[in-house]
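can you look at this prediction? I've put the sequence above it.
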Amino acid sequence: MRYLLLITSILLFSLSVQAQQQPNGNKLLENVKFTGAKALQKNYKAIYQLDSNNPDIVKKAFRNINNLLNDPRLKGKVEVELITFSGGTEVMLKNSAYQEDLKKLIEKGVIVAQCTNSLQERGLEKHQLYDFIGYVPSGNGELVIRGSEGWVIVKP
């Protein structure tokens, strides 16, 4: 009798474990089929915040923007701005290594702008920066305004 009770308990436990694993198996199969969100809106807006001069972060910001622009779901539907301030100001200096990268973004329709507060804080003048960039009074102000307008704020 004990033997039969033990076998029955093991069998019930085994069935219980299998039942718990089955939904997970279905979830795994469902996950494999996922291809991403559908871009159903007419347009999307993203502002990238660059407040670092770390080359890895700068390159990541450029790569992220280019990846966004190349996403087939968003082709012709996305407006992008890159705002630099604080340490990101160094990216805009005429002697930086980023002139061509910035020009390519602008040629793809990206708004590229610098915070003038950061210029004042760093004792810089506009003539020291690339002549093809725009300016805003405050980088944080730009983020607040854009965010309030529904833009997605991205910090690489």
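Nice, I can see it.

contacting residues for residue 149?
The neighbours of residue 149, taking C-beta atoms under 8 Å, 6 or more residues apart in numbering as the test, are residue 45. C-beta: built from backbone N, CA, C; applies to glycine.

tell me the pLDDT at it?
For residue 149, the pLDDT comes out at 98.

now do the SS call for the closest residue to residue 39 other than its chain neighbours.
Spatially, and ignoring its direct neighbours in sequence, residue 39 is nearest to residue 73 (4.1 Å; C-beta to C-beta, 6 or more residues apart in numbering). Secondary structure for residue 73, judged by DSSP: H, G, I helix; E, B strand; the rest coil, is coil.

give me the neighbour count for residue 84.
Neighbourhood size, residue 84 [other C-beta atoms under 10 Å]: 29.

can you name the residues bridging to it?
residue 50, residue 114 (DSSP bridges).

backbone dihedrals for the residue most central in space within the chain, please?
A centroid search over the chain (C-alpha atoms, centre = their mean) returns residue 154, at 4.6 Å, as the residue closest to the centre. Note on residue 154: its backbone torsions stand at phi -120, psi 130 [degrees, to the nearest 10].

how about it: what's its closest non-neighbour residue?
Spatially, and ignoring its direct neighbours in sequence, residue 154 is nearest to residue 48 (4.9 Å; C-beta to C-beta, 6+ apart).

list the buried ones in the helix or strand harbouring that neighbour?
Assigned by DSSP states H and E, residue 48 belongs to strand 44-50. Applying a neighbour-count criterion of 16 or more other C-beta atoms under 10 Å, one finds 44, 46-50 buried in strand 44-50.

how far does that strand sit from the chain's center?
Centre-to-centre, strand 44-50 and its host chain are 8 Å apart (C-alpha atoms, centre = their mean, to the nearest Å).

need the contact partners of it.
57-58, 61, 64-65, 68, 74, 77-85, 88, 91, 139, 142-143, 146-147, 149-156.

recalculate using a threshold of 6 Å.
Strand 44-50 is contacted from outside by 61, 65, 77-82, 84, 88, 146, 151-155, using C-beta atoms under 6 Å, 6 or more residues apart in numbering.

now do stretch 62-78
39, 43-44, 48, 80, 101, 108, 156.

quick check: mean pLDDT of stretch 53-68?
pLDDT averaged over stretch 53-68 gives 98.

no further questions, thank you.
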